[in-house]
Every structure is written in structure tokens, then in C-alpha cells.
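*Asks:* Need the 3D shape of this:
(chains A and B)
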Amino acid sequence: QKEVEQDPGPLSVPEGAIVSLNCTYSNSAFQYFMWYRQYSRKGPELLMYTYSSGNKEDGRFTAQVDKSSKYISLFIRDSQPSDSATYLCAMNLGAQKLVFGQGTRLTINP
Amino acid sequence: SAVISQKPSRDICQRGTSLTIQCQVDSQVTMMFWYRQQPGQSLTLIATANQGSEATYESGFVIDKFPISRPNLTFSTLTVSNMSPEDSSIYLCSVEEPNNYGYTFGSGTRLTVV
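*Replies:* Numbers count the residues shown, from 1 in each chain, chains lettered A, B, ... in the order given. Just a heads-up that it's a prediction; the model follows:
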């Protein structure tokens, strides 16, 4: 069993839709949770960084962490074609290596 | 956030040869990380490079295959040695941002071994 599970998709939605991306994990000791966006032929770009359970909002993006269920989510509101990318969840214990999900390939159709 | 310059951005290499990838950061950082991203897969940590000490390698990765240098607090290199087609991947360096602001990645080196 992988430490972090993420549905690789692909996921295709119309422009303007709300997108929900999710990851589950098995190590209850993980404390820091991140979402990265990776465009084709580019390195991952940090979108959201959260610590502990709860919600964090930044513009059209909301990151949600439920440590009791070992489940994290990223919501994208008013999705745009420019949001088309691969989204990777990542987590660690703090000052430790990041453990990544497989990444979900997302396409927003105009 | 830190700005990372990684080069080369891509290369096509013959099997049996070696390639050295460079990573330059615009600020001093304690730890630098090297990842591999195989086609269609997620990122896997190869090793952690601290200045002034030997790199720490993850399970499945060895120094003879992936020697790393860390001569100062802003620079590191990863060498992929005696390459085979199975080494075809994207290689990325990363640094931890201060004040718990996550990790920043370079743009990656896309390596194809033929």
C-alpha cells in the first residue's frame, strides 16, 4: 500500500466548474500538507501549504485537511483553462522528505 | 520564495555515459533535495544534500550511481552515472522555504537515455 494515494485521473471538466481533488494517506504522523501544480515540462509549483486539520483559502483555491480521516482535498472554484495541469498532493512530518501522491491530470475545457 | 536555476533543461545521452545536473539557488539554504520523476509517475526522493557533509540517500538509490556534490549553501550537482534507458526521467532539485512555507522546485532536467 502506498503511503499517499491519489487518483491519477485524467479529470476533465468544463470551464467555470468547481473541481475537487483528493488524496488519502496512511501515516497518521504526517503534519504538513501541500498541493503542487505542475504544468507540462515544468517543475512543481507550490499552491497551498497547510498544517493540521481545517481549511485554508487562497483566492479560488481551498485546501482542506481532515486528519481524523487521513484525507486531504483541494477545491478550485470558477475553474479556468489555465488551471489545466497535473496536481500533486504532498505531505511530510516536518523537516523530512516529502511524500507525494501520483498526481491528478486535470483539463479545463473552454 | 527561492528562485532555483537548474540546468541542463533537457538532454539526450548515450547509454553508459554520465550526466551532471546543476542546481543554483538565489539564497543560502541548509538542505537541497534531489528528486526523480519517471514518466507518468510521481516524484521520488533520491537524496538530501547538506553542505559540508555527505548526501543522505533514500532506499533504492546509491552514491555510486547518483553522486552528489554540495560545495556551498547555494549550489549542488547530481550526476547520473553509467546511464541506461531506465534512467530516462525528469530530475528535479528542491529547497525548503524558511518559516514553514513549503518547498520550491527547479524546473527540472528531462533526461532521455538511448
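*Asks:* Enumerate every residue touching the residue nearest to A:Glu3 when sequence neighbours are not counted.
*Replies:* Distances taken as C-beta to C-beta, 6 or more residues apart in numbering or on different chains place A:Val99 nearest to A:Glu3, at 5.1 Å, with adjacent residues excluded. Glycine gets a C-beta too; all of them are placed from N, C-alpha and C. Neighbouring residues of A:Val99 by C-beta atoms under 8 Å, 6 or more residues apart in numbering or on different chains: A:Glu3, A:Val4, A:Tyr25, A:Asn27, A:Phe30, A:Ala90, A:Met91, A:Asn92.
*Asks:* Most widely separated two among the residues you listed?
*Replies:* Maximum pairwise distance among the contacts of A:Val99 (C-beta to C-beta): 12.7 Å, between A:Asn27 and A:Ala90.
*Asks:* Enumerate the residues of chain B near chain A.
*Replies:* Within chain B, the positions near chain A by C-beta under 8 Å from any C-beta of the partner chain are B:1, B:4, B:6, B:33, B:40-45, B:48, B:58, B:92, B:94, B:96, B:100-108, B:110.
*Asks:* What subset of these is buried?
*Replies:* Restricting the residues of chain B next to chain A to buried positions leaves B:4, B:6, B:33, B:42-45, B:48, B:92, B:94, B:96, B:102-108, B:110, with burial counted as 16 or more other C-beta atoms under 10 Å in any protein chain shown.
*Asks:* contacting residues for the nearest residue to B:Glu58 once chain neighbours are set aside?
*Replies:* With sequence-adjacent residues excluded and distances taken as C-beta to C-beta, 6+ apart, B:Glu58 is closest to B:Leu45, at 5.0 Å. Neighbour list for B:Leu45: A:Lys97, A:Leu98, B:Phe33, B:Trp34, B:Tyr35, B:Glu58 [criterion: C-beta under 8 Å, 6+ apart].
*Asks:* Okay, and the beta partners of the residue nearest to B:Thr74 when sequence neighbours are not counted?
*Replies:* Excluding the flanking residues, the one nearest B:Thr74 by C-beta to C-beta, 6+ apart is B:Val25, at 4.9 Å. Judged by DSSP bridges, the bridge partners of B:Val25 are B:Ile4.
*Asks:* still on that earlier bit, quick one: which of A:Asn27 and A:Ala90 has more around it?
*Replies:* Using other C-beta atoms under 10 Å in any protein chain shown, the more surrounded residue of A:Asn27 and A:Ala90 is A:Ala90, with 27 against 12.
*Asks:* Mind pulling the model confidence for the residue nearest to the spatial centre of chain B?
*Replies:* Centrality entry for chain B: nearest residue to the mean C-alpha point is B:Trp34, 3.4 Å, by C-alpha atoms, centre = their mean. Each residue has a pLDDT score; the one for B:Trp34 is 97.
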